[in-house]
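1. Sequence first, predicted coordinates after that:
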Amino acid sequence: MLVTSKELLLDAQKNGYAVGAFNTNNLEITHAIVRAAEAKRAPILIQISAGAIKYAGLEFLPMIVCKAAEQASVPIAVHLDHGPSFDLVMKALRHGFTSIMRDASSLPYEGNVAEVRKVVEACHAIGVPVEAEIGRLGGVEEHVVVSEREALMSDPDECARFVADAGFDFLAVAIGNAHGFYKGVPKLDFDRLDAIRERVDVPLVLHGASGIPDYQITQAVEHGIAKINIDTEIRHAFATTVRKFQEENPDQIDPRKILQPVIAAMQAVVERKIEIFRSAGRA
Ligand code: 13P
């Protein structure tokens with residue numbers, strides 16, 4: 001069933017688990033995510049980024065994802081990931097999204113607040129919750145490119161001010177996480193997360209979770225993260241499974257046959273994450 005993310009994240013925050021937010025670009029990834037959520041009886045978000053919309057078309061991808069969410073036997077919110085502009089947020093709302101991120105974290109503080117407030121006013125008028133980010137993540141995620149040098153962690157006092165000033169529903173934090181695969185083992189700053197948690201009462205979001213070791217994900221959930229974003233590990237399963245299938249079946253040209261094991265491999269990744277996030281059986 002299609003729901004908004006607010007009810008999902010508030011339940012996660014209250015009961016000590018995290019809801020998985022999985023990125024999709026197409027029909028096959030969407031099927032894999034929904035099948036995993038249904039198999040594990042888990043509430044989830046399916047996320048669509050500006051890059052995914054550009055690739056698949058604003059008219060097509062949200063239609064596929066919203067239809068899949070409506071028909072699913074578990075609650076699913078359809079989320080705009082890293083919304084880059086007010087304009088795209090409005091288009092997303094028109095196309096049925098039930099959850100919005102407005103990412104203006106590259107702007108100075110006042111600009112970030114102003115952009116988020118504008119989106120909050122529009123979204124709250126129709127009951128759609130809003131995620132915002134402060135501090136900057138390293139790595140690359142679609143249009144978001146921040147060098148490691150520039151990556152700034154979220155400041156706990158500024159987080160509290162940001163929530164009060166901009167009035168949004170979920171806060172994405174930068175605590176040593178980065179988009180894409182990590183060079184070496186990441187080390188999340190749990191003291192910083194605790195300090196943010198103490199000062200902020202809205203649910204907290206961890207981006208860039210692909211490649212973070214399971215024990216740190218478990219700790220992140222225990223320290224109060226309620227939404228965890230995964231994209232890269234799904235892409236990795238897609239690419240490696242296609243390559244392997246092609247090597248083993250060089251004469252196969254039927255996309256349906258090629259993509260069947262790919263969907264299964266992506267589903268396995270999502271099911272594993274749902275287990276680690278402790279959201280299995282919560283639907
Ligand atoms: P990964 O690509 O590291 O999984 O991050 C996904 C993400 O945070 C999407 O916003």
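-> Cool, got the structure. Numbering: from 1, shown residues only.
2. Counting neighbours, what do you get for the residue lying closest to R117 once chain neighbours are set aside?
-> If you skip the residues right next to it in sequence, R117 has A166 as its closest partner in space, 5.2 Å away by C-beta to C-beta, 6 or more residues apart in numbering. Glycine gets a C-beta too; all of them are placed from N, C-alpha and C. For A166, the count of nearby residues is 23 (other C-beta atoms under 10 Å).
3. Regarding the closest residue to N177 other than its chain neighbours, what is its secondary structure?
-> Ranked by C-beta to C-beta, 6+ apart and with sequence neighbours excluded, the top spatial neighbour of N177 is G208, at 4.2 Å. Secondary structure, DSSP: H, G, I helix; E, B strand; the rest coil: G208 is coil.
4. G208 and the ligand, how far apart?
-> Note on G208: its distance to the ligand, by C-beta to the nearest ligand atom, to the nearest Å, is 4 Å.
5. Could you list the buried residues of the helix or strand where V221 lies?
-> Element membership for V221 (DSSP states H and E) is helix 214-222. Within helix 214-222, the residues that qualify as buried are Q216, I217, A220, V221, counting by 16 or more other C-beta atoms under 10 Å.
6. could you measure E59 against the ligand, distance?
-> Separation of E59 from the ligand (C-beta to the nearest ligand atom) stands at 23 Å.
7. what's that residue in contact with, if anything?
-> Taking C-beta atoms under 8 Å, 6 or more residues apart in numbering, we find E59 in contact with H95.
8. and if you look at the one 3 residues further on?
-> Residues in contact with P62, defined by C-beta under 8 Å, 6+ apart, are I48, I53, V78, A92, H95, G96, F97.
9. F245 too?
-> Taking C-beta under 8 Å, 6+ apart as the test, what F245 contacts is Q252, I258, P261, V262.
10. quick one: which of the residues you listed is most hemmed in?
-> V262 (21 neighbours).
11. Do I have it right that that residue meets F238?
-> Yes. Using C-beta atoms under 8 Å, V262 is in contact with F238, at 5.6 Å.
12. Can you work out which residues contact both of these two?
-> With C-beta under 8 Å, 6+ apart, V262 and F238 have common neighbours E28.
13. Need the mean per-residue confidence for the helix or strand that D87 is a member of.
-> If you go by DSSP H and E, D87 is part of helix 86-94. In this model, helix 86-94 carries a mean pLDDT of 98.
14. Can you identify the element that follows that helix toward the C-terminus?
-> Next along from helix 86-94, by DSSP H and E: strand 99-102.
15. List the strands paired with that following strand, with their directions.
-> strand 76-83 (parallel), strand 130-134 (parallel) (DSSP bridges).
16. Export those strands as a markdown table, with columns for distance to the ligand and mean pLDDT.
-> Shown next, in a markdown table, are these (distance: least, C-beta to the nearest ligand atom, whole Å; pLDDT from 0 to 100):
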| stretch | distance to the ligand | mean pLDDT |
| --- | --- | --- |
| strand 76-83 | 5 | 98 |
| strand 130-134 | 9 | 97 |
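17. re earlier: nearest to the ligand, of the contacts of F245?
-> Closest approach between these and the ligand, by C-beta to the nearest ligand atom: V262, at 17.7 Å.
18. Count the neighbours of the residue nearest to N177 for me.
-> Neighbour tally, G208, other C-beta under 10 Å: 25.
19. Let's see the pLDDT reported for it.
-> With respect to pLDDT, G208 has a value of 96.
20. Quick check: it vs E233, distance?
-> 11 Å (C-beta to C-beta, to the nearest Å).
21. Check M266 too.
-> Distance from M266 to E233, by C-beta to C-beta: 9 Å.
22. Look at those two and report which has more neighbours.
-> The residue with more neighbours, out of M266 and E233, is M266; 28 against 19, by other C-beta under 10 Å.
23. Can you tell me the element that one falls in?
-> Going by DSSP H and E, M266 is in helix 255-276.
24. ok, and for that helix, which residues are buried?
-> Going by neighbour count (16+ other C-beta under 10 Å), the buried part of helix 255-276 is L259, V262, I263, A265, M266, Q267, V269, V270, E271, K273, I274, I276.
25. cool, and stretch 14-30?
-> 17-30.
26. where are the low-confidence patches of the chain?
-> 138-151 (pLDDT under 70).
27. Next to the ligand, which bits of it? Give me the list.
-> 23, 81-82, 141, 179-180, 207-210, 229-232 (C-beta under 6 Å from any ligand atom).
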